[in-house]
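Enquirer: from the sequence below, what's the structure:
(2 chains)
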Amino acid sequence: MLRTHTAGELRKSHVGQTVELCGWVDKYRDHAGIVFIDLRDRYGKTQIKFDLADNSEIQKQARSLRYEDVIKVTGEVIARPDGLSNAKLETGEIELRAITLEVLNKSLTPPYMLDGDLPNEELRLKYRFFDLRRAELQKAMILRHRLTKTVRDYFDENGFLEVETPMLGRSTPEGARDYLVPSRVHEGSFYALPQSPQIYKQILMVGGYDRYFQIARCFRDEDLRADRQPEFTQIDVEMSFVEMNDILTTIDGLVSTVFEKIRGVKLPTPLPRYSYREVMDKYGSDKPDLRFGMPIVDISDIAKESTFGVFKETVAAGGMIRGLTIKGGADKYSRKMLDQDLKAFVADFKAKGLAYFKVTDGKLDSSIAKFFDEAQQKAIIEKMEAENGDLLVYVADKYSVCCAALGALRNRIAKEQKLYDAHDFNCCWVIDFPLLNWNEDEKRWDAEHHPFCYPVKDDVELLETDPGKIRAQSYDLVCNGYEAASGSIRIHDPKVQQKVFDLLNIKQEEAERRFGFLLEALRYGAPPHGGIALGLDRWVMLMLGYDNIRDVIAFPKTQKASDMLTGAPAEVDAKQLRDLHIQLKPQS
RNA sequence: GGGGCCGUAGCUCAAUUGGUUAGAGCGCAGCCCUGUCACGGCUGAGGUUGCGGGUUCGAGCCCCGUCGGCCUCGCCA
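Expert: All right, here's what the predicted structure looks like:
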C-alpha cells in the first residue's frame, strides 16, 4: 500500500506517529511561508502543513499543487496549536506536518468546483469520474452498498438462495418495450434483455428452489422520468408454499431491518395495509404519499342539489364532484393562481376545470358560491372538515379524472405548503388491486400487474362473468408516494393461466409460442408460489431523501437514454452489422 | 408522440424597449503574504451568446428550424 492511513481516520491518539496518506488536493491555502493542503479521499479530509521552517524544498513543491492533483504525503501527525482546531473536520484536532511529498499524478483544471453551485447535469454526467468525487454521490454509493449488503444478509439468514438468471433471454409479449440483442449465429433472431427475471424465478420455484432472491439488473426501453432509468436494479424475491401474507411479512421484516440498520429508524411493523379502492378514493393514487393527510372528499350528493349547472350535469352524467381542503389556503392561493396556474395543472390530467371556495365567516366565498344555499354551504364545510381561512378546491368529472387530477394536486399542494417533513418515511402496503384493466383504446383487457398474477380465490369464478371485478392477489409497497415494490401470488395452475391468457386475448398458440416453456413448467409439479420485486435504486433514493434516481447510480443515463460519459449508444462498424445480419435503412 | 423550462467566459449567473467595447462572483495565470481552513491582497488572460436560417440600419434579446439537458402527460405487464 502506498498509504498507512486514510484521510479520514487520524485523531489526537495518532499524534507523534509518522504516517503516509494518499489522496486528492481538495483545497490549498498558500501563505508563502506556510502552505496548507486539505487532502481528500472518500473517508474524509486531513489538513497537511508544509512549513518553510521545516523544509524549504518541500514547501516550494507544495506551492505548485493544484486542485485535484493526486499526491502522497509522508509526515508526522501533530496536534494543532490551541484554538486552531477545526470543528468542521472529523480530523480537525490534528494536522500532518509534511516530511516528503510525491505528486502521483497532476490533474487538469477541473471543469467545476466540487463544493460550489452544481453545474448543469449534462456537464456532471460528461465528467462523471469527477462528479463521483462529490460527497453526495459518495454518500449514495456507500449507502447503496450497505443496503445491498443488508439485503443479502437478511435473505441469507432467512434461508434464501441468491440465484443468477440470464441477461440474454427471449422477448415476451405485453409489458414494456424490450431492449433487443441481435443474434450472430441465428440470422434474424434476437435476444431480449430482461424487463425482470419474472419467468425465470417462477421456473426456479418449479425447480424446487423455494426461497430465491437476486439483486437483478432489469432493462425497459420506455421513456424516462426522474425516478426511472432504462436499466435499473431490482431486489427480486420469490417463495414457494406461501400465501400473500407470508410474502408481506417477509418484506416487512426486510424493510424494517434495512431502515433500522441503515437509517436507525424503527418502522412500525407490520406495515399498514390498505385496499386499492380505499387509497384511490382517499388519495386519488395507488401510490399515495401518506406523510400527510389532506384526503379527497366527495360532495356529489350535496352538489347535485345545488343550482350550479356544471356540478349538476356532471353528477347526472354519472360523474362526481370531489375535492380537497387546503388548510389555511384561502390567502395563500390568489384568484389568479387558482384560475390559471392550478387550473392548467389539473388540465394536464384531463380535468376540465377547477372550482373553488374560500371559507369565510362559516360560509363559502367565490364566484360560484351563489349557487349553493346556506344549508348546502354548511353541509359542504362540514363534510370537508373545513374552517375559516381554508381553501376548498373541486374537480367535477368521472372517477378516473378526479383521482388523477386531485391525486396530483394533493402532492403538489403538500410540497408547496410543506405539509410534511422531507426526512420522514411512511411505508404501507396497497393490496386488492384489480386483476385487469379495460383498455379503452384497444377495446380489450390488460393485466394490471402481469399476466401470471393469481386472482383472489373468491373471485376466480368471475373470470367467466365479470372480469373487471376480479381482485388480484397482488400488492405494492408504497413509500413516500413512490412505488417501492410490487409483487403477486402467481398462477401455478395451467388451466387458470390459460383462462387469464384468454381474457388478455393472448391466443393459445401465441402463449405457447412465446412462453410455452413457462406453461410447460407449470404442468410438471409447480408449487404454489409468489414473490415481489423491490426497486433498489428507488429505495436508495428514498432513504437519502434525494428526488432523482441518477444521483444514486454510478453511471446513469440521460432522459434520452444516452450515456454522456461514454457516448453510448453509438454507431458500430459495418462489419459488426454484417455479422449480425443487420442492414440499416438509408436516412430519410 | 404531446406540453413546459433551460442553453451567454471553464462554472454559476447578469445584460433596461432591439442600440456604444456583452458584465459580476468563483475558477484559471502571474506576483505578494508564516496559522489558514470558503484564507487574504494586487495584476491579468479568458466570449462563434448551443447550431442554422430569417426580420431589421442594427439581434444575446424578436421569428422559424434544429441539437442537447431537465421536468411532465402518454408510456413503464
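
Enquirer: list the contacts of the residue in chain A that RNA strand B sits nearest to.
Expert: Residue nearest to RNA strand B within chain A (CB to the nearest atom of the strand): A:Gly33, separated by 2.3 Å. No exception for glycine: its C-beta is placed from N, CA and C like everyone else's. A:Gly33 makes contact with A:51-53, A:59, according to CB atoms under 8 Å, 6 or more residues apart in numbering.

Enquirer: which of these lies closest to A:Trp24?
Expert: Nearest to A:Trp24 among the contacts of A:Gly33 is A:Gln59, at 20.0 Å by CB to CB.

Enquirer: point out where chain A drops to low pLDDT.
Expert: Residue ranges of chain A with pLDDT under 70: A:587-588.

Enquirer: domain parsing of it, as residue ranges.
Expert: Domain assignment for chain A by automatic domain parsing gives A:12-105, A:138-274+A:428-552, A:292-419.

Enquirer: quote the end-to-end distance of the longest one.
Expert: Going back to what we said before, that points to domain A:138-274+A:428-552. Across its full length, domain A:138-274+A:428-552 reaches 9 Å end to end, with CA to CA, to the nearest Å as the criterion.

Enquirer: right, is it up against RNA strand B?
Expert: Yes - remark: domain A:138-274+A:428-552 sits within contact range of RNA strand B at A:172, A:174-177, A:195-196, A:198, A:220, A:222-228, A:446-451, A:548, A:550, by CB under 7 Å from any atom of the strand.

Enquirer: are any of those residues buried, and which?
Expert: Among these, those scoring as buried are A:172, A:195-196, A:198, A:220, A:224, A:227, A:447-451, A:550 (criterion: 16 or more other CB atoms under 10 Å).

Enquirer: tell me which two of those sit farthest apart.
Expert: Within those, two members stand farthest from each other by CB to CB: A:Pro451 and A:Arg550, at 31.5 Å.

Enquirer: just the ones of the residues of domain A:138-274+A:428-552 next to RNA strand B in helices?
Expert: Counted as lying in helices by DSSP state H, out of these, are A:Gln198.

Enquirer: quick one: residues contacting the closest residue to A:Met113 other than its chain neighbours.
Expert: Once flanking residues are discounted, A:Met113 sits nearest to A:Tyr67: 7.9 Å by CB to CB, 6 or more residues apart in numbering. A:Tyr67 makes contacts with A:25-28, A:107, A:109-110, A:113, as judged by CB under 8 Å, 6+ apart.

Enquirer: please apply the same query to A:Gly319.
Expert: For A:Gly319, the contact set (CB under 8 Å, 6+ apart) comprises A:396-399, A:402.

Enquirer: need the max-distance pair from those.
Expert: Maximum distance among the contacts of A:Gly319 (CB to CB): 11.6 Å, for A:Ala396 and A:Tyr399.

Enquirer: neighbour count for those two, which is higher?
Expert: Legend: neighbour count by other CB atoms under 10 Å for A:Ala396 and A:Tyr399, higher for A:Ala396 (27 against 15).

Enquirer: if we can go back for a sec, now intersect the contacts of A:Gly33 with the helices, please.
Expert: A:Gln59.

Enquirer: report the buried members of the contacts of A:Gly33.
Expert: A:51, A:59.

Enquirer: redo the contacts of A:Gly33 as JSON lines? Include distance to RNA strand B.
Expert: Shown next, in JSON lines, are the contacts of A:Gly33 (distance: CB to the nearest atom of the strand, whole Å):
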{"residue": "A:Asp51", "distance to RNA strand B": "5"}
{"residue": "A:Leu52", "distance to RNA strand B": "4"}
{"residue": "A:Ala53", "distance to RNA strand B": "4"}
{"residue": "A:Gln59", "distance to RNA strand B": "9"}
